[in-house]
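J.: give me the fold of what follows.
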Amino acid sequence: MSDDKQFEAAAVENAAAGRGGLSQAELDELVASSDTGGRSPAGFVGKMLVAVALVWSLFQLWIASPLPFMIGWGVFNDTEARSIHLAFALFLAFAAYPAARTRAQLILALIVPALLTFLFIYGSKEGVPVWWIPIPGVLLIAAIILGSPKTHIPFWEWGLAIVGALAALYLYVFYDGIATRVGAPILQDYAVAVVGILLLLEATRRALGPALMIVATVFLAYTFLGPLMPSIIAHKGNNLSEVVNHQWITTEGVFGIALGVSTSFVFLFVLFGSLLDKAGAGNYFIQVAFSLMGHLRGGPAKAAVVSSAMTGLISGSSIANVVTTGTFTIPLMKRVGFSSEKAGAVEVASSVNGQIMPPVMGAAAFLMVEYVGIPYFDVVKHAFVPAVISYIALVYIVHLEAMKADMQGLPRAVEPKPWVAWLISIAFTIAAICALSFAVYYLMGWIRPAFGDAAIYVVFGFLTAVYIGLLWIASREEPLRMEDPDAPVTKLPIPGPTIRSGLHYILPVVVLVWALMVDRLSPGLSAFWAASFMVFILVTQRPLMAILRGEGNLGGAIGEGFGDLLEGLVAGARNMIGIGIATATAGIIVGSVSQTGVGSALADVVEVLSGGNIMAILVLTAILSLILGMGLPTTANYIVVSALLAPVIVTLGQQNGLIVPLIAVHLFVFYFGIMADVTPPVGLASFAAAAVSGGDPIRTGVVAFFYSLRTAALPFLFIFNTDLLLINVGWGQGIFVFITATVAMLLFAAATQGWFLTRNRIYETVALLLVAFTLFRPGFWMDMVAPPFEDVAPASIAEAAMDTAVGDNLRLQVSGLNNVGDPVTFTALLPVSEGETGEDRLLASGVDYIVNEESVIIDNVTFDSPAAAAGLDWDQTIEQVRKPVPQPSKYWMFIPALLLLGLVVMLQRGRGQPVRKTAAEGA
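T.: Next up is the predicted model:
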């Protein structure tokens, strides 16, 4: 959402505040302007846009399916597919997102001619024919000055859409010719690249606001003007030929990994979410959450957290998540006592958290697979514990808010069962689910070897039978309807019938998770099978339900089913416009980083500002991630912050003795990138929530930020304690880590909210923070009591290797030269291999060295050895050797922490509960 859109949304929101928020039509327009495009013309043009979006979805399903390879037709390589993908995105960006006439628009009208003039002069100096450069600016400047309406598409917008699509298709149409002249662009290449980049930046401004466009433009300018930069970030500079080749003609820039992931994986997951929502799963998740949690203290807020978590599993947009669930949850939160700002903040915190929830993680999970180089299953495993405990803590924060104001829940439709009966029912349900899971697992394991190539048809038949069975169960219940949140709520939905009425919606999610986690199929193929099953459900759900309920009018039900499918396919494509544009524009930034080496320069800047202090490095990186993430969608902001800042933490951490796994670094910058959706003044999700609640957007963002402190604390914790990411952790220890981390996060939430059993005093808050920190990172205190390493002289490295168990690491402080010849000092972890003597063990690990009095110089490093993987190289000097020594279990530190927690509990129980306001007074 652009700044202009934010201010416009805020103005509308303030006008609506007196009546409690925006109307449903206004909310739909808000989501459309940020996610799908605010222009939906009527008549033939509107139908044509629908047709283009539909063809885009069908194209993506086609290239993801096995069919092209089975029939030997319609097979596209990665570059060709990316070219077509971007062509669809650019065409729909200009067609669906109108350019409103604003002050920012007029400023841009001055910037574009300046940029064209710069390219004209710069190209002339290089001898490039430049007579054509002003031509692409004519349509662009006309569109910027004139703007465009929401009701129809003017001719200049058609021109921009068609030219933008043709520029993107250039790599597909001229693929063979381009392959023969990489690095030597011709005039045609110059023209297409310059036009394409200019139109891509304008499409970015329309679909995503000015933030990403400005950042990408700055990086392009930096690429050209490197010699004029301050010395710490200066570089040789690149000419127009190099930039054109790198950014548009090859797959290093716009058509790089980010756009490739959008083409191969992201589109299908967004499409899957759209189809699932169109089938009715979004309403089902909300109703289930309310039926289970609405009766508790602050029940609507707890239900908002749970429903947002379920919606976040399939959603790629914080704003859409806020408006989808918030339309229903925010008015009910206000009814039980939450202020407008707190109700909006709860929805913001829970909706943004949906972006860190596996398996989709706002599509960032698939980018991490490419950037980190680990399997998708490992990405999900590492991200699981922080995401789940963050949601559990948010439910607890809501509970504490309800306790403070003595809020009550909504009335139940029926009296609850006695607690014994309730426990028996829960236990029976869990046992049934476990039995079903084992049956499915072993049945699938038997089907494959028994039926060979026909196994897929047997599995589909089995799923269809289960689907029909679940539909029969749902047909016995009343259909779910989205209630009016402004109408009086007399009774909550009954949990049993509510859950049974939509169990079939879980099947596609099961297919997706099974394909990803059990069969270990590629993310693209997994999403294809899940989306295909959703297509089957959308087409058959209504007719089968009509038959099972005996409602008649089968023809009408079939027509409605195909109508739902069409709307889902179109909605999926329109939801992808912004993401496709964002990944392409983020590719400009990634290309600039790789072309100029600005990543190492940024590391130097951060090191200078932090003074080499590792905590200061992390804080500065977090702040930069927040700034870079402002105004960007989840996917784009992860690409930007990971390209710029992840290498900074790795490099500076290694130089300062902190060896951090790459996945931990990427999750660190990802968490702080999405925090920008919460943080004022550009917290897009906070503006959307305020538009629903009628509250002040800045105050909503501030409250949401305090609710999200637990999310901001987690990255610092898992950087220093990688057990939280389940790295090198077994099942038993993993469960233990999950339980202790959950308790620690709840105590952290109680401390930051100022309320545990009763209102905290200052010293109790400090004690709770201390206990939470100890539970999260017990090794911090144990390392003080019993250091885990012993320093030995570098000349005694062989003795240290002999004293170290095989498989354990020696920590070596090494000095030498980096890739560009500058002096550097870093810490390396050298695994000790088998050998009869210390020298043999070091040689088996790949290190050959020379002892020169007290210094040790590396003489040779074996190729592809553990030493080479640790970063060691010949002619480096080993300055310090630290060998591991036995240490008591760090979990002994839990004993004093739990004793301190017991003291806090005793103090608060002795003080008793204060007199609190009633729910009516709280409101």
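
J.: what about G807, neighbour count?
T.: 9 (other C-beta atoms under 10 Å). All C-beta atoms are positioned from the backbone trio N, CA, C, and that covers glycine.

J.: per-residue pLDDT of it, please?
T.: If you check G807, the pLDDT there is 85.

J.: and it, what is it in contact with?
T.: 831-832 (C-beta atoms under 8 Å, 6 or more residues apart in numbering).

J.: distance of it from I727?
T.: Per C-beta to C-beta, to the nearest Å, G807 is found 16 Å from I727.

J.: could you do R481 as well?
T.: Going from R481 to I727 by C-beta to C-beta gives 46 Å.

J.: compare those two (neighbour count), which wins?
T.: Using other C-beta under 10 Å, the more surrounded residue of R481 and I727 is I727, with 15 against 9.

J.: and the more buried one, that's in a helix?
T.: No. Counting by DSSP: H, G, I helix; E, B strand; the rest coil, I727 falls outside a helix, being coil.

J.: got the contact list for it?
T.: By C-beta under 8 Å, 6+ apart, the residues touching I727 are 382, 661, 663-664.

J.: what ranges does the stretch 751-900 of the chain have for its helices?
T.: Remark: helices assigned in the stretch 751-900 of the chain by DSSP state H, counting those that start in this stretch are 762-776, 778-785, 797-803, 838-844, 866-869, 894-911.

J.: so for the longest one, what gets flagged as buried?
T.: If I follow you right, that is helix 894-911. Residues 894, 897, 901, 904, 907-908 are the ones in helix 894-911 that count as buried (16 or more other C-beta atoms under 10 Å).

J.: may I have that helix as CSV, with CA atoms only?
T.: Taking Å, rounded to 0.1, in the frame of the first residue of the first chain, the C-alpha atoms of helix 894-911 are listed here in CSV:
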residue,chain,number,x,y,z
PHE,A,894,16.5,-24.1,35.8
ILE,A,895,16.5,-24.9,39.6
PRO,A,896,17.3,-21.3,40.8
ALA,A,897,15.0,-19.9,38.1
LEU,A,898,12.1,-22.0,39.2
LEU,A,899,12.7,-21.1,42.9
LEU,A,900,12.7,-17.4,42.0
LEU,A,901,9.4,-18.0,40.0
GLY,A,902,8.0,-19.7,43.1
LEU,A,903,8.9,-16.6,45.2
VAL,A,904,7.0,-14.3,42.7
VAL,A,905,4.0,-16.6,42.8
MET,A,906,4.0,-16.6,46.6
LEU,A,907,4.3,-12.8,46.8
GLN,A,908,1.4,-12.2,44.3
ARG,A,909,-0.8,-14.8,46.0
GLY,A,910,-0.2,-13.2,49.4
ARG,A,911,-1.1,-9.8,48.0
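
J.: which strands and helices sit next to it?
T.: Packing partners of helix 894-911 (3 or more C-beta pairs under 8 Å, 6 or more residues apart in numbering; DSSP states H and E): helix 762-776.

J.: what's the helix or strand for the residue nearest to S340 when sequence neighbours are not counted?
T.: Once flanking residues are discounted, S340 sits nearest to G695: 3.2 Å by C-beta to C-beta, 6 or more residues apart in numbering. Here G695 sits in a region with no helix or strand, counting by DSSP states H and E.
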